[in-house]
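Peer 1: coords please:
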Amino acid sequence: MVFGPYQMVLDFAFAAMLLFLAKLVRSRIRFVQRLYIPSAVIAGLLGLFFGPQFLDIIPFSGQIATYPFLLIVFLFSSLFIGNKAGTSVKKIFSDVGDTFAINLAVQVLFFGVFVLVAPFILAALFPGLHPWFALLVPTGFIGGHGYAAAIGGALIGGGWEDALTIGQTFATIGLLTGVIGGVILINFAVRKGATRFVKSMTDVSDDIRTGLVAEESRESMGSSTVNPMSIDPLGWHLVPILIAFAGGYYATNFLNSILPISAPMMSVAMICGVIMNLVLRLLRLNNYVDKKIVTRIGSTSTDFLVTFGVSAISITVVVEFALPIIFMSILAVLFTLLWLAFISRRLFRKFWFERGIFIYGYTNGVVATGVTLLRVVDPEFRSKTLEDYGTAYALIGIIEVVLISLLPILIMQGLGFATGGILTAIGAVILIICAKVYGINRNKANKPTEAELEVMNSSKS
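Peer 2: Numbering: from 1, shown residues only. Coordinates of the predicted model:
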């Protein structure tokens, strides 16, 4: 069958059916609820099982492996649309300096250490393995299926056809270990008294378990900023994203025709999103774009991205690289565990476990995983972990995008060792400065600091 628009829409329809079934599974089966596995991952695993590689019941087209990259470009197009006045750098360092430093350092060091050291380990244990393999480990773990699609797609452009499948595999393993491992760590921390707001796992609300929010607890996903008689409010918010997406596509093709290296489409699309947001401001329309709705549209694309990404994993490729994938996944999990036990434990001034489990969650998957684990131990977000991270991310996000854009280019240019060394050094310096400026937490794990007690007591009053 010739691929066309109907086949593409049907692929998304099949993915929607899988998401519906996955949501049903998550909301009804207690065993799945206890694992807190996201519906998109369940949908992807179902798609893999019922797809062409196993039962061959779902007639996916042969193009579903291309959708994750398309969707990450769409997501990047939306990142800056709807943004209002930015947070100043001075405010970031004065208010959330330790949060900024520790969250930036974990990303820089994760990439740096693995790009620097892993190639030597892999060359010794698995001779003949592709030299770019090491980059996909932190890509899948810390960036999830989105970054796996972005960097994997870039590496495919460089000539390595298996990059996307291996990246998506690492992302799937990372997400599962993040959620399941996070629940195990939380249970352990609760027993040891390291959590400040939850003293028993029975305190976890039903909406976290089932994913279904009770009527009295529901919140608005955004405001209707335009009259539906002129244009549908949801469609109005989709319009600037698609314009930025188209701009990113054509601008990338133009740049690739004049530059000696390939421009990363997701980064170019993000820049087009920034330009689109400036246009909205100049036209005095920015107040009619609700950032919450734009975020929901972008998040929706990630659900389909994960579903397609997992469904399209090539089992043949996974089996071929099973041993190095398992070995490097173990090292990646150890990295995140050590970060929680030593860096988060000692460098966060307050609520070390709440803040640390959030980092553990998103370095083993995506930010949504970190938020899920955080909500388990801090249901009302009293620790301000998410608020502080949001403030810090105003700057971290920019650095992160630059990092993700440049890494595959540098690796493909044969500069992996130098890049890994520089990133490792930068990450180490950030941690040293953080310890010097903000101090080291020497309290016992189960003993609240004075700052924590103040927040905990105010929450009781």
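Peer 1: look up how far residue 452 lies from the most centrally placed residue in the chain.
Peer 2: Closest to where the C-alpha atoms of the chain average out (CA atoms, centre = their mean) is residue 366, at 2.8 Å. Separation of residue 366 from residue 452 (CB to CB, to the nearest Å): 28 Å. Where you see a C-beta, it was placed from the backbone N, CA and C, and this is true even at glycine.
Peer 1: what ranges of this protein fall below the confidence cut-off?
Peer 2: Along the chain, the parts satisfying pLDDT under 70 run over 1, 85-88, 201-204, 459-461.
Peer 1: longest helix of it, counting residues only.
Peer 2: helix 89-125 (DSSP state H).
Peer 1: show me which parts of that one are buried, residue by residue.
Peer 2: By neighbour count with 16 or more other CB atoms under 10 Å, helix 89-125 contains the buried residues 92, 96-119, 122.
Peer 1: same check, this time on stretch 239-258
Peer 2: Buried positions in stretch 239-258, judged by neighbour count with 16+ other CB under 10 Å: 240, 241, 243, 244, 245, 247, 248, 249, 251, 252.
Peer 1: residue 16: which of these is nearest?
Peer 2: Distance to residue 16 across those (CB to CB) is lowest for residue 241, with 19.4 Å.
Peer 1: now the closest one: which helix or strand?
Peer 2: According to DSSP states H and E, residue 241 maps onto helix 233-258.
Peer 1: which SSE is immediately downstream of that helix?
Peer 2: Counting by DSSP H and E, what follows helix 233-258 is helix 265-282.
Peer 1: can you spell out which helices and strands pack onto that next one?
Peer 2: The contact analysis (3 or more CB pairs under 8 Å, 6 or more residues apart in numbering; DSSP states H and E) places helix 265-282 against helix 67-78, helix 233-258, helix 385-412.
Peer 1: give me the contacts around the shortest one.
Peer 2: If I follow you right, that is helix 67-78. The contact list for helix 67-78 (CB atoms under 8 Å, 6 or more residues apart in numbering) reads 11, 145-150, 152-153, 164, 168, 241-242, 244-245, 248-249, 265-267, 269-270, 272-273, 294-295, 297-298, 301-302, 304-305, 308-309, 312, 401.
Peer 1: turn the helices and strands packed on helix 265-282 into CSV, including distance to residue 342.
Peer 2: Shown next, in CSV, are the helices and strands packed on helix 265-282 (distance: least, CB to CB, whole Å):
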stretch, distance to residue 342
helix 67-78, 32
helix 233-258, 40
helix 385-412, 19
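Peer 1: list the contacts for the nearest residue to residue 60 once chain neighbours are set aside?
Peer 2: Once flanking residues are discounted, residue 60 sits nearest to residue 51: 5.4 Å by CB to CB, 6 or more residues apart in numbering. For residue 51, the contact set (CB under 8 Å, 6+ apart) comprises 57, 58, 60, 311.
Peer 1: buried set for stretch 387-394?
Peer 2: 388, 389, 391, 392, 393, 394.
Peer 1: kindly apply the preceding question to stretch 375-385 instead.
Peer 2: 375, 376, 377, 378, 382, 383, 384, 385.
Peer 1: now, which of those residues lie within helices?
Peer 2: 375, 376, 377, 385.
Peer 1: so the second one touches residue 186, yeah?
Peer 2: By that I understand residue 376. Yes: Residue 376 is within contact range of residue 186, at 5.6 Å (criterion: CB atoms under 8 Å).
Peer 1: state the distance from the closest residue to residue 267 other than its chain neighbours to residue 263.
Peer 2: Spatial nearest neighbour of residue 267, chain neighbours left out: residue 405 (4.0 Å); criterion: CB to CB, 6+ apart. Distance, residue 405 to residue 263, using CB to CB: 9 Å.
Peer 1: just residue 394 next, same as before
Peer 2: 25 Å.
Peer 1: now residue 273
Peer 2: 15 Å.
Peer 1: comparing these two, which residue is more hemmed in?
Peer 2: Remark: of residue 273 and residue 263, residue 273 carries more neighbours, 27 against 18, as counted by other CB atoms under 10 Å.
Peer 1: which ones are touching the more buried one?
Peer 2: 76, 77, 78, 79, 80, 81, 240, 241, 244, 248.
Peer 1: can you redo the residues you listed as CSV with distance to residue 176?
Peer 2: CSV is the format used below for the contacts of residue 273 (distance: CB to CB, whole Å):
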residue, distance to residue 176
76, 25
77, 28
78, 27
79, 26
80, 31
81, 32
240, 35
241, 30
244, 32
248, 31
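Peer 1: among those residues, which two are most distant?
Peer 2: Once CB to CB is applied, the contacts of residue 273 give 76 and 240 as the farthest pair, at 13.5 Å.
Peer 1: before we move on, back to that, closest one of the ones in helices among the buried residues of stretch 375-385 to residue 444?
Peer 2: residue 377 (17.9 Å).
Peer 1: residue 422 contacts residue 112, correct?
Peer 2: Yes: when contacts are counted by CB under 8 Å, residue 422 is listed as touching residue 112 (7.5 Å).
Peer 1: wait, residue 50 touches residue 58, no?
Peer 2: Yes: between residue 50 and residue 58 a contact is recorded at 4.8 Å, counting by CB under 8 Å.
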